[in-house]
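In: 3D model of this:
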Amino acid sequence: MVYMNAKNNLEKDALANFHSMASVGSTSKVSVVAQLGRPSSYRYTDEDGNWSGVYRFLVNKGSNPRPEQALVDVAKSGDSVDMGSPIALKQFIQWSKKTHPAKHYMLVIWNHGQGWRFQLAANGPLKEQSARFGLTTQQLNAVPATTPAVAGYRAVSSDDDTGHILYNREVQDVIAAEFTTSKLDLLGYDACLMAMLETAYGVAPSVNVMVGSQELEPGSGWRYATWLDKLVAKPGMGAEDLSRAVVESYRQQYLDEYLTTLSAVRLSAIAELAASLSNFSDAVRHAGDTELKALRKARASVLAYGASVVPPLRTSVDLTALLKAYERNSENSALKSKSTKVRADLAKAIISNYASLRSQYPKYDPPYGSEGLAIYYPESAEVFQKDHFHEGYLKKNTDRPVDFVRKETWADLLYKLLEI
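Out: Below is the predicted model of the structure:
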């Protein structure tokens with residue numbers, strides 16, 4: 001099930017990804033279904049019939065993303081066409097399960113993630129690469145004023161026609177409601193900045209495996225044909241094996257050309273990881289200024305994801321790289337041991353992980369790390385306050401609350417580190 005919200009400046013990339021899926025297509029054992037939306041507020045391409053609206057497709061070999069090949073015109077069906085709405089996601093999942101029932105389900109949420117993909121950085125260092133991604137400077141700059149600002153941990157799927165986005169909490173709640181008797185096998189985010197502990201924690205009760213990127217994604221996103229071909233050849237493939245195939249196809253696609261990452265995460269291991277991190281957080285919080293300074297120094301030594309765009313993002317960092325830096329700075333053996341335990345638990349959660357060389361530990365530059373999962377740790381209190389959604393990281397927040405913030409104690413430590 002591919003929820004392809006191209007009602008934004010990724011319209012052209014969605015069509016390319018649809019064609020990639022259609023180069024393999026569905027079989028008697030594997031159904032590939034997509035809900036594809038194209039914008040009416042601003043058109044980025046006239047390819048594939050130059051239509052706007054939202055349609056549902058069974059993607060067969062050789063299918064084209066055109067209304068005449070769709071199974072459902074979503075507007076005419078009476079379902080929601082607002083792809084920044086949890087109702088639309090819920091209705092798509094329900095339709096998919098009813099019309100194409102399966103023993104195992106994978107859901108891919110395709111769109112902008114918690115930050116923008118590369119091609120949005122029209123005034124930044126990646127502007128020169130716009131031709132590679134097939135967009136003009138005019139298109140790069142044509143981001144509607146209604147498009148919500150997004151930061152480091154809380155939303156996905158922006159619909160420029162409505163100005164709405166899907167909050168992580170809404171995705172979490174929809175999946176929990178639709179997969180009650182058995183978990184969703186695999187949740188994939190073909191979007192930016194979604195491989196965060198907070199994101200994984202929220203869906204862990206209802207999903208077995210999650211695939212996502214710690215870093216921004218190129219506009220071309222995943223290479224669907226490569227891993228779908230493996231699934232079609234082995235339709236009984238388990239979620240972990242399929243997640244490895246997705247990560248490997250991404251590795252083959254981008255290698256070391258960009259700042260690129262992709263992780264497959266075993267969500268059954270997230271509860272133990274979160275518990276050990278809360279244990280570490282509580283200990284540091286009560287250990288005094290020396291240890292707080294050691295962790296602040298560690299944060300200053302690692303790069304935030306999205307740091308390469310203009311203006312740079314400064315809100316999420318690799319948890320493993322952060323803890324490794326803390327362990328170098330600290331002389332408290334008990335706390336260093338707790339930190340090591342967190343890293344060990346995180347490693348157990350990672351099924352497969354890819355990061356380009358520059359996204360790891362380059363010899364002469366500050367590291368990103370990119371060992372599988374990021375965490376929210378803004379560079380400063382000022383950056384925290386400027387985060388459009390920072391209230392979501394407050395314990396008192398009740399608007400689409402973040403379970404990790406409410407139930408674990410990393411946030412309590414963060415307030416102390418940032419002095420807020």
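In: so where do the strands sit in this structure?
Out: For the chain, the strands defined by DSSP state E occupy 2-5, 33-38, 53-58, 72-73, 106-110, 155-159, 164-167, 184-190, 207-212, 261-266, 316-318, 350-355, 374-376.
In: quick one: closest of the ones you listed to Ser281.
Out: Closest to Ser281 of these is strand 374-376 (C-beta to C-beta; 10.6 Å). For the C-beta atoms, the positions are set from N, CA and C on the backbone; glycine is no exception.
In: quick one: the helices in the stretch 1-150 of the chain?
Out: Taking DSSP state H, counting those that start in this stretch, the helices of the stretch 1-150 of the chain run over residues 11-22, 74-77, 86-99, 137-141.
In: so where is this protein shaky, pLDDT-wise?
Out: Along the chain, segments meeting pLDDT under 70 span 112-153, 155.
In: still on that earlier bit, compare the helices of the stretch 1-150 of the chain and report which one is nearest to Leu319.
Out: Judging the helices of the stretch 1-150 of the chain by C-beta to C-beta, what sits closest to Leu319 is helix 86-99, at 27.8 Å.
In: distance check, the residue most central in space within the chain against Tyr393.
Out: For the chain, Met194 is the residue whose C-alpha lies nearest the centre (C-alpha atoms, centre = their mean; 2.3 Å). Met194 sits 16 Å away from Tyr393, going by C-beta to C-beta, to the nearest Å.
In: hang on, isn't Val2 packed against Val33?
Out: Yes - at 7.1 Å, Val2 and Val33 qualify as touching, with contact defined as C-beta atoms under 8 Å.
In: show me where the stretch 151-300 of the chain has helices.
Out: Counting by DSSP H, counting those that start in this stretch, the helices of the stretch 151-300 of the chain are 168-178, 197-203, 224-233, 239-254, 270-285, 289-301.
In: just give the closest residue to Asn64, not the sequence neighbours.
Out: Asp48 (6.2 Å; C-beta to C-beta, 6 or more residues apart in numbering).
In: what's the neighbour count on that neighbour?
Out: 20 (other C-beta atoms under 10 Å).
In: go through the helices of the stretch 1-150 of the chain and pick out the most buried.
Out: Highest mean neighbour count among the helices of the stretch 1-150 of the chain (mean count of other C-beta atoms under 10 Å): helix 11-22, with a mean of 23.
In: outside of that helix itself, which residues are in contact with it?
Out: With C-beta atoms under 8 Å, 6 or more residues apart in numbering as the test, helix 11-22 has contacts from 2, 4, 6, 32, 34, 36, 38-39, 43-45, 47-48, 57, 59-65, 110, 133-135, 190, 219-225, 228.
In: now with 6 Å, please.
Out: Residues from elsewhere that reach helix 11-22, judged by C-beta atoms under 6 Å, 6 or more residues apart in numbering: 4, 6, 32, 38, 44-45, 47-48, 59, 63, 65, 134, 219-221, 224-225.
In: ends of stretch 202-215, what's the gap?
Out: Taking C-alpha to C-alpha, to the nearest Å, stretch 202-215 runs 19 Å from one end to the other.
In: got the contact list for the residue nearest to the residue nearest to the centre of the chain when sequence neighbours are not counted?
Out: In space, and not counting its chain neighbours, Met194 is closest to Gly212: 3.6 Å by C-beta to C-beta, 6+ apart. When contacts are counted by C-beta under 6 Å, 6+ apart, Gly212 is found next to 189, 194-195.
In: got a quick ChimeraX command for the buried subset of the contacts of helix 11-22?
Out: Restricted to buried positions by 16 or more other C-beta atoms under 10 Å, the ChimeraX selection for the contacts of helix 11-22 reads:
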select :4,6,32,38,44,45,48,59,63,65,134,219,220,221,224,225
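In: pick the most deeply packed of the helices of the stretch 151-300 of the chain.
Out: Of those, helix 197-203 is the most buried (mean count of other C-beta under 10 Å), at a mean of 25.
In: now for that helix, which elements pack on it?
Out: Counting contacts by 3 or more C-beta pairs under 6 Å, 6 or more residues apart in numbering; DSSP states H and E, helix 197-203 is packed against helix 168-178, helix 270-285, helix 403-407.
In: between those helices, which one is closest to Ser243.
Out: helix 270-285 (14.6 Å).
In: who touches the closest one?
Out: Contacts of helix 270-285 with the rest of the structure, by C-beta under 6 Å, 6+ apart, involve 200-201, 204, 291, 335, 338-339, 341-342, 345-346, 349, 408-410, 413, 416.
In: ok, stretch 179-195 next?
Out: So stretch 179-195 is in contact with 104-111, 113-115, 117, 156, 175, 203, 206-214, 216-217, 221-222, 239, 242, 263, 305, 373, going by C-beta under 6 Å, 6+ apart.
In: ends of it, how far apart?
Out: Terminal residues of stretch 179-195 are spaced 21 Å apart (C-alpha to C-alpha).
In: likewise for stretch 47-63?
Out: Start and end residues of stretch 47-63 are separated by 14 Å (C-alpha to C-alpha).
In: next: stretch 80-90.
Out: 10 Å.
In: so how far is that stretch from its chain's centroid?
Out: Centroid separation for stretch 80-90 versus its chain: 18 Å, with C-alpha atoms, centre = their mean, to the nearest Å.
In: contacting residues around it?
Out: With contacts defined as C-beta under 6 Å, 6+ apart, stretch 80-90 is touched by 3, 5, 7, 37, 54, 74-75, 157, 159, 162, 164-166, 170, 174.
In: and those, which two are the farthest apart?
Out: Most distant of the contacts of stretch 80-90, by C-beta to C-beta, are Ala75 and Glu170, 21.3 Å apart.
In: that older thread, okay, the helices of the stretch 151-300 of the chain in CSV with distance to Glu11 next?
Out: As requested, those are arranged in CSV below (distance: least, C-beta to C-beta, whole Å):
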stretch, distance to Glu11
helix 168-178, 22
helix 197-203, 25
helix 224-233, 17
helix 239-254, 20
helix 270-285, 34
helix 289-301, 37
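In: among those, which is nearest Leu322?
Out: Closest to Leu322 of these is helix 289-301 (C-beta to C-beta; 5.5 Å).
In: who's in contact with the closest residue to Ser26 other than its chain neighbours?
Out: Of all residues not flanking Ser26 in the chain, Val32 sits nearest, at 4.8 Å (C-beta to C-beta, 6+ apart). Going by C-beta under 6 Å, 6+ apart, Val32 touches 21, 26, 59.
In: next, count neighbours for Pro401.
Out: So Pro401, with other C-beta under 10 Å, has 17 neighbours.
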